[in-house]
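Asker: the following block contains a protein sequence and its predicted model.
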Amino acid sequence: MKPIRYFLLLSSVIAFLLTSCTTTNNEVVVYTSVDQVFSEPVLKEFEKRTGIKVKTVFDTEETKSTGVLNRLIAERNNPQSDVFWSGDPMRADVLKQRGITEAYRSPAASGISEVFIDNDYNWIGFSSRARVLLINTNLVKPQDIPSSILDLTNEKYKGKFTVANPLFGTTSFHIAAIFAALGDEKATQFMEDLKKNGVVISSSNGDVKKKVATGEVQMGLTDTDDANEAVKEGAPVKAIFLDQNGFGNLIVPNTVSLIKNSQNSENGKKLIDFLLSVETEKMLAESCAQMPLHKGVPVPSTVPSLDNIVPMKVNYAEVAQKSEQIKEYLKQWARQ
Amino acid sequence: MGKTINIKTILLLVAGLFSAAIVLPLGALLFGTISGQASEVVNNITSIFHGDVLQSIGNSLIISTAVSILSVLLGCCFAFLFSKANLPFSKALRLLLLLPFLLPSYVICVAWNDVWLFADVHRNLIYSLPAVVFILTTIYTPLAAFIIQAGLKNINAGMEEAGMMITSYKEVFIKIVLPLLRPALFSSFILIFILSLSEFAVPSFLSVPVFVTEIFTQFSAFYNYSLAATQSLILTAICLLLLFPERKFLTNEYFFPFGKKAFRFRMYELRNKSVPLVLAMLYLFFTVLVPVAFLAFQTFSVAKTSLLDIVIMLLPSLKDSLLIAVAGAFIVTLFGFIFSWLTAQYKLKFLQTILLFVFAVPAIVTGVSLIFFYNTPSLSFIYSSILIILIAFSTRFLFIAVKIISDNLRQIPVSYTEAAKMMGARSFYIFRKISLPLLGEALFTSFFIILIFCLNELSTVIMVYPPGTSLLPVTIFTRTANAPQHIVSGMSLVALMFTLVILLCMLFGKKVLFNQQWRESR
Amino acid sequence: MIQFRNCTKLFDSKTILRNISLEVNEENSFTSILGKSGSGKTTLLRLIAGLEKLNEGSIHIKGKIVSEGSKIIVPPHERNVGFIFQDLALWPHFTVYQNIEFGLKQKKIAGYKSIIMQTMNEFGITDLKDNFTHQLSGGQQQLVALARSMVLQPEILLMDEPLANLDVKLKTQMRKLIKQLVKEKKVSIFYVTHDHKEAMEMSDKMIVVNEGAITYYGTPEQSIYFDSTFLKEFIEV
């Protein structure tokens, strides 16, 4: 045995490893909380069209996006990322509040309604998901399907429905929107009633989907992409848009932000323009049934359209701020 | 003589720099936390007396205590059956027992959840503290069995035989074997206690509030770093309390007794082989085979699934992961060796205390501290390369490597190096020609154990991996969200087989490399 | 030849040797260091070797100062001293040949191969050349350890109870061989033992150590007349 020789060999392997990850200049770094399955093809397409190398840090809503969001906050003084592609406006607004993003008035946003755009252009919404009530069709009779989210406090659904942990992800945004729509007092009463009615708290929206699909519970609040996945898997489920005769169903757009003082901001802007384009919205409509915010984007028949559902009319920036305010309450609420 | 001093100085310097690289980030974060505004600090500290937080600390302690006691008890039984009793099929059973340890804990947790739902277990039982204890026990029992088995192998037959002349074997086991095993029992207890205390995935998935999930919530929902860091400090302090017994009972004993073998080893003849065999198989069936089989069932119940497609999909991650984990295991083992050697040379016992402290910090806090420290313009050559992952691995696992290696280093009689010194060999030459070859097997073992840890490490790495790198646990974790069930299960199976292949390589490599004559009949 | 001047040695503030002074002048002789376990006799040996530092005093070998105060002035390998350890310290990963070769390689002696062969012949271990040391019997291991030290032609050979684990017959053989070495190789031997019979039989001179002090230095014969309760007790046991 010649230990020195092994040592040299292994050291050179490691040196090779370290040098092999050199950086090219024509690149853009994007952090995204949108699931890799859906975001990766879009980014690959951008790479193909522009020749700009895309380096991605993926995360998933299942992990409450701790990875990217905490990274972005921690990296504040020396940003590594150029673009943040978020699955909802709330996280983008957290970054805006902390001065991590900067304004970029993308020309590609011209066809998108102002409702989905931050007042200061720190984030711009595109392809939307919706919050839906997923029901297990084997367990719920058509006449028992609730039409309003407020129906969930009804005795007959006691212990039979689930919500993901409201501290995280689109669920926290959803609850904040309800607070914005009903006012604090009514909304708090609603939350307490939900609890009294035996709401089951799941670890994530994906977990809600799974619980409903397997029949562990009868119904649950989740996102359209999760609902869509359950349908694809052949589970006996159906997604219901709620409050179509009332305050409307919550729409959750993706958002994209430019990171302040980033290293490749020109390429970052190109990526933002691409993400806000009709092509991206079309791709996301096809891959995960997201509703385009541009008018007249051709979509598969299974994708709901903003033309035929009544959206909840909220100021997205306000809701994002509201969700920060009610967190402490929700933390208490979530402990059963 | 001049040259030896130089090499020692260089080694000391390198080790100093390296410890700075892994200790400073945490130190800076924790110091920043406690040196903040006085009122805020006080608020952060008193936050733990809040009912919810106290309850979660209580849950954490209950879980960790229960898991470590159960794992050590079960591990003890398995270690005895596998190494001291003539149990049939023990090699195959041993490998089987190891399986849960080779998979990331969240994969196992999801598999169990599915099994229980399938078996229609009541949800109050599934989403409960006992369920967390059960799952963690199945994960950590192999670790305990592994350490205790090595401890048993150390016991010289003479000690038992002397006892057997006087009393029954049962008595000998309780009065002689168990006390001799004390260091192995203790070290496995401490290790499992710390690991289960920082375990996030399982309690979080089963909605059991524990201290780590509380800290995690402060991070990820409230972005309150100072509170999270203070709470981490408290968690670390709990782990440091364990240092007391560690220092009292273990500093001069072997934490990981690998490599040392008794001159003569006594086997125990089982009078009735079938009862323990059936019990062991029942345990393995219910804790290991069921979840793994369920993963396989979920994968292949969909006709179109091809494992090959999944392998191809995961190929870039498998490649990156393997390369980076090999580099990590190499660096951690190398520095584990340097640290052990320096500890032995200069009696720097505090080094291991510092490393234990670093090891005890929850992974997520480690991740954030690394970002804060390294993400500066002057250090971004580290932060934006895989160096940051290597540093993360070192922070997490250097303690384990140092423990394994220094325990083995201490088993080389001082006279071996003194004899060489008498003949004028320089200390580096002695180190190269005498200490290093005698340590070969320990270094090899440490390398592979760390490799497996690196391959499964998620919590820290997901915070710091450089953009564009794809690592296996991260990929599986981030793809789990919206991939169909059979793909998720398939990915878990691929990851399991991947680790198994590496493990088999290690066992085979050990046979080939360390089969020299001088090791035989020792 | 060897001089201890006011030597004190502590381990963790416990005194092992207390202010001892001693002069051994006979070259080519066999000196036993006799004492109960824990008396400090091994420490004495390790001080001569340079494996331990003093706390106070000085040690001289052949008129040259080798250790003084807490300093090692001449490092172990430059003292021309051999050491046979209690556990023999044969390196398990080297063959017999490699064990003997190690020291010669260090000293960069030209044509060392023939020296090794010659030494192995003298000790009758040529046939064991390629064996690993654990494959040898106790007696053979002793021979290898002796050969490993003697091949470097030391002036002084320090032995720390090397025969403790041998049976009576082998012990007698080895003692004979060691005596022979003194004569043929012109080497002075310092031999630590707790066996007074062995010491009385082998030694030219005896050093008796008790509780960190030297209670007797002289020939075995004279020791009987020496007036020390400890020594008497020790020899009578």
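Answerer: Okay, I see it.

Asker: gap between the nearest residue to A:Gly268 once chain neighbours are set aside and A:Asp144?
Answerer: On the basis of C-beta to C-beta, 6 or more residues apart in numbering or on different chains, the spatially nearest residue to A:Gly268 that is not a chain neighbour turns out to be A:Asp82, at 3.4 Å. Yep, even glycine has a C-beta here, placed from its N, CA and C like the rest. For A:Asp82, the distance to A:Asp144 under the criterion C-beta to C-beta, to the nearest Å works out to 49 Å.

Asker: one step back: what about the residue nearest to A:Gly268, neighbour count?
Answerer: 26 (other C-beta atoms under 10 Å in any protein chain shown).

Asker: state the distance from it to A:Tyr104.
Answerer: The separation that A:Asp82 has from A:Tyr104, given C-beta to C-beta, amounts to 11 Å.

Asker: so what's in contact with these two at the same time?
Answerer: A:Leu258 (C-beta atoms under 8 Å, 6 or more residues apart in numbering or on different chains).

Asker: spatially nearest residue to B:Pro377 (excluding sequence neighbours)?
Answerer: With C-beta to C-beta, 6+ apart as the criterion, B:Pro377 has its nearest non-adjacent residue at 5.8 Å, and that residue is A:Asn78.

Asker: A:Gly51 too?
Answerer: Across the structure, with C-beta to C-beta, 6+ apart as the measure, the residue nearest A:Gly51 apart from its sequence neighbours is A:Asn26 (6.9 Å).

Asker: show the contacting residues for that neighbour.
Answerer: By C-beta under 8 Å, 6+ apart, A:Asn26 lies in contact with A:Gly51, A:Ile52, A:Lys53, A:Asn267.

Asker: and those as TSV, adding secondary structure?
Answerer: Written out in TSV, the entries for those read as follows (DSSP: H, G, I helix; E, B strand; the rest coil):
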residue	secondary structure
A:Gly51	coil
A:Ile52	coil
A:Lys53	strand
A:Asn267	helix
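
Asker: mind checking which of those are buried?
Answerer: By the neighbour-count criterion of 16 or more other C-beta atoms under 10 Å in any protein chain shown, the contacts of A:Asn26 include these buried positions: A:Ile52, A:Lys53, A:Asn267.

Asker: list, out of the residues you listed, those positioned next to chain B.
Answerer: When C-beta under 8 Å from any C-beta of the partner chain is applied, the members of the buried ones among the contacts of A:Asn26 adjacent to chain B are A:Lys53.

Asker: reformat the buried ones among the contacts of A:Asn26 as TSV; add distance to C:Lys113 and pLDDT.
Answerer: TSV is the format used below for those (distance: C-beta to C-beta, whole Å; pLDDT from 0 to 100):
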residue	distance to C:Lys113	pLDDT
A:Ile52	67	93
A:Lys53	62	92
A:Asn267	69	94
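
Asker: and the pLDDT for the residue nearest to B:Ala360 when sequence neighbours are not counted?
Answerer: Leaving aside its sequence neighbours, B:Ala360 sits nearest to B:Cys239 (C-beta to C-beta, 6+ apart; 3.4 Å). Each residue has a pLDDT score; the one for B:Cys239 is 75.

Asker: any idea how far B:Tyr429 is from the closest residue in space to B:Leu351 that isn't next to it in sequence?
Answerer: Closest residue in space to B:Leu351, ignoring its immediate chain neighbours: B:Thr343 at 5.5 Å, by C-beta to C-beta, 6+ apart. Between B:Thr343 and B:Tyr429 the distance, using C-beta to C-beta, works out to 21 Å.

Asker: then B:Thr353?
Answerer: Counting by C-beta to C-beta, the separation of B:Thr353 from B:Tyr429 is 31 Å.

Asker: residues touching the residue nearest the centre of chain C, list them.
Answerer: Computing the C-alpha centroid of chain C and ranking residues by C-alpha atoms, centre = their mean puts C:Leu158 first, at 1.6 Å. By C-beta under 8 Å, 6+ apart, the contact list for C:Leu158 reads C:Leu45, C:Ile48, C:Ala49, C:Val81, C:Gly82, C:Phe83, C:Ile84, C:Ile189, C:Phe190, C:Val192.

Asker: quick one: strands adjacent to the helix or strand containing it?
Answerer: Of the helices and strands defined by DSSP states H and E, C:Leu158 is found in strand C:156-160. Strands that pair with strand C:156-160, judged by DSSP bridges, come out as strand C:81-84 (parallel), strand C:188-193 (parallel).

Asker: okay if I get these as TSV plus mean neighbour count?
Answerer: Written out in TSV, the entries for these read as follows (neighbours: other C-beta atoms under 10 Å in any protein chain shown):
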stretch	mean neighbour count
strand C:81-84	26
strand C:188-193	24
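
Asker: reformat these as a markdown table; add distance to B:Leu513 and mean pLDDT.
Answerer: Converted to a markdown table, the strands paired with strand C:156-160 look like this (distance: least, C-beta to C-beta, whole Å; pLDDT from 0 to 100):
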| stretch | distance to B:Leu513 | mean pLDDT |
| --- | --- | --- |
| strand C:81-84 | 32 | 90 |
| strand C:188-193 | 39 | 91 |
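
Asker: for the ones you listed, give me a markdown table that also has distance to B:Ile57.
Answerer: A markdown table is the format used below for the strands paired with strand C:156-160 (distance: least, C-beta to C-beta, whole Å):
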| stretch | distance to B:Ile57 |
| --- | --- |
| strand C:81-84 | 57 |
| strand C:188-193 | 58 |
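
Asker: what does the stretch 151-300 of chain B put close to chain A?
Answerer: On the criterion C-beta under 8 Å from any C-beta, chain A has as its neighbours in the stretch 151-300 of chain B the residues B:Ser204, B:Phe205, B:Ser207, B:Pro209, B:Phe216, B:Thr217, B:Phe219, B:Ser220, B:Ala221, B:Phe222, B:Tyr223, B:Tyr225.

Asker: tell me the one among these nearest to chain C.
Answerer: B:Tyr225 (45.5 Å; C-beta to the nearest C-beta).

Asker: could you pull out the strands for chain C?
Answerer: C:2-11, C:14-24, C:30-35, C:56-61, C:64-68, C:71-72, C:81-84, C:156-160, C:188-193, C:205-210, C:213-218 (DSSP state E).

Asker: any chance of JSON lines for those, columns distance to B:Phe397?
Answerer: Written out in JSON lines, the entries for those read as follows (distance: least, C-beta to C-beta, whole Å):
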{"stretch": "strand C:2-11", "distance to B:Phe397": "36"}
{"stretch": "strand C:14-24", "distance to B:Phe397": "39"}
{"stretch": "strand C:30-35", "distance to B:Phe397": "48"}
{"stretch": "strand C:56-61", "distance to B:Phe397": "46"}
{"stretch": "strand C:64-68", "distance to B:Phe397": "43"}
{"stretch": "strand C:71-72", "distance to B:Phe397": "38"}
{"stretch": "strand C:81-84", "distance to B:Phe397": "40"}
{"stretch": "strand C:156-160", "distance to B:Phe397": "41"}
{"stretch": "strand C:188-193", "distance to B:Phe397": "45"}
{"stretch": "strand C:205-210", "distance to B:Phe397": "49"}
{"stretch": "strand C:213-218", "distance to B:Phe397": "52"}
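
Asker: C:Ala147 is nearest to which of those strands?
Answerer: Minimum separation from C:Ala147 across these (C-beta to C-beta) falls at strand C:81-84, 10.6 Å.

Asker: what's the closest of the contacts of C:Leu158 to B:Val53?
Answerer: Looking across the contacts of C:Leu158 and measuring by C-beta to C-beta, the closest to B:Val53 is C:Ala49, at 61.1 Å.

Asker: roughly how far apart are the closest residue in space to that closest one that isn't next to it in sequence and B:Leu398?
Answerer: Excluding its sequence neighbours, the residue lying closest to C:Ala49 (C-beta to C-beta, 6+ apart) is C:Phe83, at 5.1 Å. Separation of C:Phe83 from B:Leu398 (C-beta to C-beta): 36 Å.

Asker: of B:Thr343 and B:Tyr429, which one has the most company?
Answerer: B:Thr343 (21 against 17).

Asker: please, which helix or strand holds that one?
Answerer: When elements are defined using DSSP H and E, B:Thr343 is found to belong to helix B:307-346.

Asker: buried ones in whatever helix or strand comes next after that helix, by neighbour count?
Answerer: Scanning forward in sequence from helix B:307-346 by DSSP H and E, the next helix or strand is helix B:349-360. Residues B:Leu351, B:Gln352, B:Thr353, B:Ile354, B:Leu355, B:Leu356, B:Phe357, B:Val358, B:Phe359, B:Ala360 are the ones in helix B:349-360 that count as buried (16+ other C-beta under 10 Å).
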